[in-house]
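Colleague: Any chance you could fold what I've pasted below:
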Amino acid sequence: LIFDPEVFDKEGKASISSLDLTEDGSKAAIGVQYKGNEILEVRIIDTKNGKVIGNPITGLNGFNWCKDEKFAYISVRTQEMIDKQIPVKTYLHKLGDKRENDKFIVAPQDAKDFASAYDSDEGNLSFIEEGDFYSNTLKIKKTNSTDEYKTIYSSKQFKASPMVKNGKIYFMTNHEAPNFKIMVADIDKPEFENWKEFYPENKVTVLEGFVITSDYVIVQYKKDVLSRLAAYTLDGKFVKEIELPETADVTGISYHKQSNTVYAGFGTFQNAAKLYKFDGKTFEWKFVFQDNPPIDTKDIVSEMVFYHSKDSVRVPMFLVHKKGIKLDGTNPTLLYGYGGFNITMGPSFLGATASFINRGGVYAVACLRGGNEYGEQWHLDGMLQKKQNTFNDFIAAAEYLIANKYTNPQKLAVKGGSNGGLLIGATITQRPDLF
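Modeller: Below is the predicted model of the structure:
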């Protein structure tokens, strides 16, 4: 144990809310909030022994190490700013220096929007990013220079995320590409008019992310909700689909430059999340870690089905149940949905829900419009004036379960939280006969 928030709060009402490591992992900036106030108190510790270095930095929303690790970008947040809806302000802070010497960097115009600053891992570049949930503006300058930040991309409809590598800037963007694409520009010509297409948008699959190894660009994409990996050359030519070590959904990828290793998370309903890694040159896989909770899932199976919503749109749904289930319309069934904020409902470990399934229950996860199962258009088709599509998708999922004799209205329960709570409230009000 190297850090315990209860040391700083004997009432036990403090929690760790952020963690930012230096490149070599020797130091960590740990943000603690008290009583859920969402205002961070950041302490820097030596990760070898847990010793706190210097005084805590108070009244923050975020902390991000600069490239030289002598400075940090800090986002300021106080209770007054929350009460008065004052936008979060980002400053450049020299570690150990007085806060009054901090240099203002950026703040959004509106408190509902965001603004951040960060340095690139490679290329000696610093970025400012401003925007909202749907779009952004990118500004750039040489790190530690006195240059003014220069705008290289700005949109009120689309967004772009940069990665600096090998003298180039790669951008993952949905600019006129709802399923996302990768564009690339030289560091010395980073403006949008100089961007060139590297990985074009695919109308059937959705780009989720990418990393660049010593020899390849590894792309994570999804088709019908489930994620896969593919390799491309550094000049954008397709090499191959990367065979996974087991059948699972790829939940995310990251890259460790020093060892030329790609890490990949795997998710299924039956197993706790697994972490694998593979060599960035040879694609050789190795197992890294998996938790081992005492939950029995050996007799549980899952499948994906498709059904049609009210407007005939095809919607996917995961069904999880015990082997050999009888489709006689009498199975207790729990239907889960979310359908919002561009979030995909992929396979994830059942946890406590396994107990319900082992006792004969059916667990259904509907992948509704409003999420990100099929890209940005799928997201847009389930929000604001089109929110009824989300409700219709969920109602159609219930109708499918009943029509295909998984269950009946007397044994069908529904579950959802946050945005999913809105979903549940709307659907049981519109169709109380189904639940």
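Colleague: which residues does I402 contact?
Modeller: G329, N408, P409, L412, L434 (C-beta atoms under 8 Å, 6 or more residues apart in numbering). The way it works is simple: take the backbone N, C-alpha and C, and place the C-beta from them, glycine included.
Colleague: mind checking the SS state of it?
Modeller: helix (DSSP: H, G, I helix; E, B strand; the rest coil).
Colleague: Can I take it that Q410 is in a strand?
Modeller: No: counting by three-state DSSP, Q410 is not found in a strand; it is helix.
Colleague: Redo the contacts of I402 as a markdown table? Include pLDDT, neighbour count and distance to A272.
Modeller: A markdown table is the format used below for the contacts of I402 (pLDDT from 0 to 100; neighbours: other C-beta atoms under 10 Å; distance: C-beta to C-beta, whole Å):
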| residue | pLDDT | neighbour count | distance to A272 |
| --- | --- | --- | --- |
| G329 | 98 | 15 | 33 |
| N408 | 98 | 15 | 33 |
| P409 | 98 | 13 | 34 |
| L412 | 98 | 20 | 28 |
| L434 | 98 | 19 | 33 |
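Colleague: For the residues you listed, which two are the farthest from each other?
Modeller: Greatest spacing in those, by C-beta to C-beta: G329 and L434 (13.5 Å).
Colleague: In which helix or strand does the residue lying farthest from the centre of the chain reside?
Modeller: Distance from the centre of the chain peaks at D328, with 38.8 Å (C-alpha atoms, centre = their mean). Under DSSP states H and E, no helix or strand contains D328.
Colleague: what's the spacing between it and K405?
Modeller: Relative to K405, D328 is positioned 6 Å away (criterion: C-beta to C-beta, to the nearest Å).
Colleague: again, but for A426
Modeller: A426 is 26 Å from K405, by C-beta to C-beta.
Colleague: who's more crowded, those two?
Modeller: Shown here are A426 and K405; by other C-beta atoms under 10 Å, A426 has more neighbours (17 against 13).
Colleague: residues contacting that one?
Modeller: F391.
Colleague: Need the three-state assignment for it.
Modeller: Secondary structure for A426, judged by three-state DSSP, is helix.
Colleague: and the closest residue to T47 other than its chain neighbours, how many neighbours does it have?
Modeller: Nearest residue to T47, sequence neighbours excluded (C-beta to C-beta, 6 or more residues apart in numbering): A28, at 5.3 Å. A28 has 19 neighbours, counted by other C-beta under 10 Å.
Colleague: hang on, A28 packs against S18?
Modeller: No: between A28 and S18 there is no contact under C-beta atoms under 8 Å: 10.0 Å.
Colleague: Pull out the buried positions in stretch 43-54.
Modeller: Neighbour-count burial for stretch 43-54, counted by 16 or more other C-beta atoms under 10 Å, picks out R43, I44, I45, T47.
Colleague: which one among these gets closest to I82?
Modeller: R43 (21.8 Å).
Colleague: what residues are up against the closest one?
Modeller: For R43, the contact set (C-beta under 8 Å, 6+ apart) comprises F3, A29, I30, V32, V52, P56, I57.
Colleague: Quick check, pLDDT for it.
Modeller: For R43, the pLDDT comes out at 98.
Colleague: returning to what we had before: return the closest of the contacts of I402 with respect to E201.
Modeller: For the contacts of I402, the closest approach to E201 (C-beta to C-beta) belongs to L434, at 37.4 Å.
Colleague: contacting residues for that closest one?
Modeller: With contacts defined as C-beta under 8 Å, 6+ apart, the neighbours of L434 are I395, A398, E399, I402, P409, L412, T427.
Colleague: Need the max-distance pair from these.
Modeller: The most widely separated members of the contacts of L434 are I402 and T427, with 13.7 Å between them, by C-beta to C-beta.
Colleague: tell me which residues in the strand or helix carrying E399 are buried?
Modeller: Using DSSP H and E, the element containing E399 is helix 387-403. Neighbour-count burial for helix 387-403 flags 387, 389-402 (criterion: 16+ other C-beta under 10 Å).
Colleague: helix or strand right after it?
Modeller: Immediately after helix 387-403, counting by DSSP H and E, sits strand 412-415.
Colleague: other SSEs contacting that next one?
Modeller: For strand 412-415, the packing partners by 3 or more C-beta pairs under 8 Å, 6 or more residues apart in numbering; DSSP states H and E come out as strand 333-336, helix 387-403, helix 419-430.
Colleague: so where do the strands sit in the stretch 1-150 of the chain?
Modeller: Using DSSP state E, counting those that start in this stretch, the strands of the stretch 1-150 of the chain run over 14-21, 27-34, 40-46, 52-65, 71-76, 89-94, 103-106, 114-119, 125-131, 136-142, 150-154.
Colleague: Make a markdown table out of those strands and add distance to M163.
Modeller: Output for the strands of the stretch 1-150 of the chain, formatted as a markdown table (distance: least, C-beta to C-beta, whole Å):
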| stretch | distance to M163 |
| --- | --- |
| strand 14-21 | 18 |
| strand 27-34 | 22 |
| strand 40-46 | 26 |
| strand 52-65 | 16 |
| strand 71-76 | 18 |
| strand 89-94 | 21 |
| strand 103-106 | 20 |
| strand 114-119 | 12 |
| strand 125-131 | 11 |
| strand 136-142 | 12 |
| strand 150-154 | 14 |
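Colleague: Among the ones you listed, which comes closest to G351?
Modeller: Across those, G351 has its closest neighbour in strand 14-21 (20.7 Å, C-beta to C-beta).
Colleague: okay, the angle between that closest one and strand 52-65?
Modeller: When axes from the mean of the first three to the mean of the last three C-alpha atoms, to 10 degrees is applied, the directions of strand 14-21 and strand 52-65 differ by 70 degrees.
Colleague: List the buried residues for strand 14-21?
Modeller: For strand 14-21, the neighbour count (16+ other C-beta under 10 Å) marks A14, S17, S18, D20 as buried.
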